[in-house]
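>>> sequence first, then the predicted structure:
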Amino acid sequence: MNVELSGVPETLLITVRARAEETLRTDALLSDSYAVDILTKLEPELSSKRCVARSSQVGVVIRTLIFDRITVDFLKRHPDGVVVALGCGLDARFERLQLPCTCWFDLDVPESMCVRQAFFHEKDNYKMLAKSMLDRSWMDEIPLNKHLLILSEGVWMYFHEDEVRKLCLDILHRFPQAELVFDTIPTFLAKRSNLHSEVRKYNAPFHWGLDEVDDLKKWHNAIKIISVDYVMNQHLKRWPLSMRLLRLIPKINKGTKVVHLALE
């Protein structure tokens, strides 16, 4: 299958490769047969981009597990809740976790969604929206007065802080019962995309980084941080030695994180 992606949309392949590679390990932390199948059809031949650096691969997998856990917990608390995945790429979380869900929306730009639709199909409780998350019209598709979980995995660092802040606040104002989950990178890495072993292969530089989680409260005084998960603090044995040594530096150890927030 020939696919033409460029810029940020092309980075969706990083996640697919990382999850597929993990699934094929004998000591896999997660199983994602969808990623294996997608990668086999998209990239039947090996390429330089297909080989994911170990540190990036481990990071993606741990991040995936964190998002999985938060999603499962949310739907246990709110069985009638709605989930929206912004910038979903080729993520198979809805199918992979097989969770009871009133309604799940996967959203991405038309370029990415065109590829996604070759592998996934809508159901009564599963919809795909071909829109940019910055196009607020997607909000018109989401039910009001429902407990809402909005996921954005591996995406917001590609946008500028002002764009992220406005989007975050627009979501929380439109959906007061919403919970947001997104991952962030440290500011030093946001300024040096060339240091990232995978992103530097693409024409998709980082723009936004976050060092102190409490800085998010400056966006709105009613923002409540529900939880923060530091990616490099988990599954230590799976990280290469170089990363285990680097995590001794606090700025790096707590640099990549998954933030879960809501309004008070």
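Happy to help now that I have it.

>>> now do the one helix or strand Asp229 maps to: which elements does it pack against?
Taking DSSP states H and E as the criterion, Asp229 maps to strand 223-230. Strand 223-230 is packed against strand 257-263, with contacts defined by 3 or more Cβ pairs under 8 Å, 6 or more residues apart in numbering; DSSP states H and E. No exception for glycine: its C-beta is placed from N, CA and C like everyone else's.

>>> returning to what we had before: contact partners of the strand holding Asp229?
66, 70, 172, 179, 213-214, 216-217, 253-254, 256-264 (Cβ atoms under 8 Å, 6 or more residues apart in numbering).

>>> just the buried ones from those residues, in ChimeraX syntax?
Selection of buried members from the contacts of strand 223-230 for ChimeraX, criterion 16 or more other Cβ atoms under 10 Å:
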select :66,70,172,179,216,253,254,256,257,258,259,260,261,262,263
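
>>> need the residue closest to the centroid of this protein.
Glu153 (1.0 Å; Cα atoms, centre = their mean).

>>> before we move on, the earlier item: tell me what the helix or strand just after the strand holding Asp229 is packed against?
As assigned by DSSP H and E, the chain's next helix or strand after strand 223-230 is helix 241-246. In terms of contacts (3+ Cβ pairs under 8 Å, 6+ apart), helix 241-246 is packed against helix 54-77.

>>> orientation of the helix it packs on relative to strand 257-263 in degrees?
30 degrees (axes from the mean of the first three to the mean of the last three Cα atoms, to 10 degrees).

>>> in helix 54-77, what counts as buried?
55-67, 70-71, 74-75.

>>> repeat for stretch 163-174
Val164, Arg165, Leu167, Cys168, Ile171, Leu172.

>>> centre of the chain to stretch 255-264, how far?
Centroid separation between stretch 255-264 and its chain, computed with Cα atoms, centre = their mean, to the nearest Å, is 13 Å.

>>> same question for the strand holding Asp229, mean pLDDT?
Rounded to a whole number, the mean pLDDT of strand 223-230 is 96.
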